[in-house]
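Enquirer: quick check, what structure comes out for this input:
(one chain, ligands or ions: 1)
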Amino acid sequence: MQAVQSLAGKSFVITGAGSGIGHAIALACAEAGANLCLAGRNLSKLEDAAGRARADGAAGDILVAATDIASTESVAAMYAAALDRFGTLDGLVANAGVMAPSPPVQDFDEAAFRQAIDVNLLGTARTVAQGAKILVEQGRGGTILATGSSLVYRSGPFMSAYVTSKAAVHGFMNTVALDLAPHRIRVNLLVPGTSSTPPLQAMEGFLERAAAATPLGEVVSPDELGRFAVFLLGDAVPHMTGAALVVDSGKSIAA
Ligand SMILES: NC(=O)c1ccc[n+]([C@@H]2O[C@H](COP(=O)([O-])OP(=O)(O)OC[C@H]3O[C@@H](n4cnc5c(N)ncnc54)[C@H](OP(=O)(O)O)[C@@H]3O)[C@@H](O)[C@H]2O)c1
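Expert: The predicted model follows:
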C-alpha cells in the first residue's frame, strides 16, 4: 500500500485495532511510519495486527494494549502504556465500537440500549477525554479522530440503540472540537457507510444488498478508510477541525 503522507516520528493510540476498520487504520498508519499503540480487548488479535504491520515493513514502534473502553481504569492504563513507551503522544483514533441490531422499539431492550451507549458513546468519550488531557498538558497540539456512522444521516429500521449512540458521538465530537481548538488540537470524525468488516461479513447477503443500495454500487473498503485516516491524522490540512467526513459510496445523499 502507498502511504498517503508520512506520520514518521508521530505517536498515536488506535482503539479497535484488532479487526475491521481499526485494523486497516493501524496498518495504514504503520505504513506511514507512525509509532502505534494498538488497543482492544482481544490481545491475540492485536498481536496479529502488530505482527502484520511489522511484516509489512513498519518503521515505527508498535505496542499492543489489552483495553476495554467500557472501563475508565482500562483506558487510563492504555494511555499510561503508550506514554511509557513513546514519551509523548501526537493523537488518537477512538474507533472501537459495537454494531448490533435492536428489536423494534415497541420491544425496547433497555440493557442492550445501555450497552450501546456505554461502549459507543461513553467508551468514545472516555478515550477522547483522557487522550485530550494528555495532549493539552503536553501543550504542543495534536489530532483526534473518532469513527461515527453514516446511519446517523440515513438510517434503517431496528438499529435504534446503535444509531442513537453514534448520533451522540457526532454531537460530542462537534463540541469537543471547540473545547480543544484553543490548544491547537484538531478533532474530526470519520463517517463510514457500510464497510466490509467481520460483523457485517458474518451476515449472509448483507454486504451485497448494501452495495446495491449505494449510488456507486460498492461498499467501502476498510483499506480506503485506513488511507483516509492517515491523511486526517497528518499535517496536510492543518485548519480542518470539527469536520464529519463521509465515505459512504454516496448513500447518504441518494434519494
Ligand atoms: N463496518 C461498517 O460498515 C461501519 C460503518 C460505520 C461505522 N462503523 C464503526 O466502525 C468502527 C469499527 O467497526 P468495524 O466495522 O471495524 O467492526 P469490528 O471489526 O467488530 O471492529 C470493532 C472493534 O472494536 C473493538 N471493541 C469492541 N468493543 C470494545 C471495547 N469494549 N473495548 C475495546 N475495544 C472494543 C473490537 O475488538 P475486541 O473485540 O478485541 O475488543 C473490534 O476490534 C465501530 O465504531 C463501528 O461502529 C462501522
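
Enquirer: contacting residues for Ala81?
Expert: By CB atoms under 8 Å, 6 or more residues apart in numbering, the residues touching Ala81 are Cys37, Leu63, Ala65. (Glycine included, C-beta is placed from N, CA and C.)

Enquirer: actually, Gly18.
Expert: Listed by CB under 8 Å, 6+ apart, the contact partners of Gly18 are Leu38, Gly40, Asn42, Lys45, Leu46, Asp48, Ala49.

Enquirer: try it again at 10 Å.
Expert: By CB atoms under 10 Å, 6 or more residues apart in numbering, the contact list for Gly18 reads 26, 38-50, 64, 66, 96, 198.

Enquirer: now do Gly22
Expert: By CB under 10 Å, 6+ apart, Gly22 lies in contact with 14-16, 38-40, 45-46, 49, 93-97, 147, 197, 222, 225-226, 229.

Enquirer: same question for Gly57.
Expert: Listed by CB under 10 Å, 6+ apart, the contact set of Gly57 reads Ala30, Glu31, Gly33.

Enquirer: surely it is within a helix?
Expert: No: with DSSP: H, G, I helix; E, B strand; the rest coil as the criterion, Gly57 is located in coil rather than a helix.

Enquirer: and it, what pLDDT?
Expert: Gly57 carries a pLDDT value of 96.

Enquirer: surely Leu232 and Leu245 touch.
Expert: Yes: counting by CB atoms under 10 Å, Leu232 touches Leu245, with 6.9 Å between them.

Enquirer: now list whatever residues contact both of those two.
Expert: Leu145, Asn188, Leu189, Leu190.

Enquirer: how much space between the residue nearest to the spatial centre of the chain and Pro238?
Expert: With distances taken as CA atoms, centre = their mean, Asn95 lies nearest the centre of the chain, 2.1 Å away. Here the distance between Asn95 and Pro238 works out to 22 Å (CB to CB, to the nearest Å).

Enquirer: Ile21 now?
Expert: On the measure of CB to CB, Ile21 and Pro238 end up 24 Å apart.

Enquirer: more neighbours: these two, which one.
Expert: Between Ile21 and Pro238, Ile21 has the larger neighbour count (other CB atoms under 10 Å), namely 27 against 11.

Enquirer: go ahead and confirm that one touches Ala229.
Expert: Yes: with contact defined as CB under 10 Å, Ile21 reaches Ala229; the gap is 8.5 Å.

Enquirer: list the residues that contact both of these two?
Expert: Any residue near both Ile21 and Ala229 by CB under 10 Å, 6+ apart counts here, and that gives Ile14, Val93, Asn95, Thr147, Leu190.

Enquirer: now the fourth one. Its backbone dihedrals?
Expert: Okay, so that is Thr147. The phi/psi pair for Thr147 (degrees, to the nearest 10) reads phi -100, psi 120.

Enquirer: where does pLDDT dip in the protein?
Expert: 1-4 (pLDDT under 70).

Enquirer: how does it look with 90?
Expert: Scanning the chain for pLDDT under 90 picks out 1-4, 156, 255.

Enquirer: would you mind listing what in it touches the ligand?
Expert: With the criterion set to CB under 6 Å from any ligand atom, the chain comes near the ligand through 15-16, 18-22, 40-42, 45, 67-70, 95-99, 119, 123, 147, 149, 192, 194-195, 197-200.

Enquirer: show me those residues that map onto strands.
Expert: Among these, DSSP state E puts Thr15, Gly40, Thr147, Pro192 in strands.

Enquirer: may I ask which of the residues you listed has the most neighbours?
Expert: Thr15 (31 neighbours).
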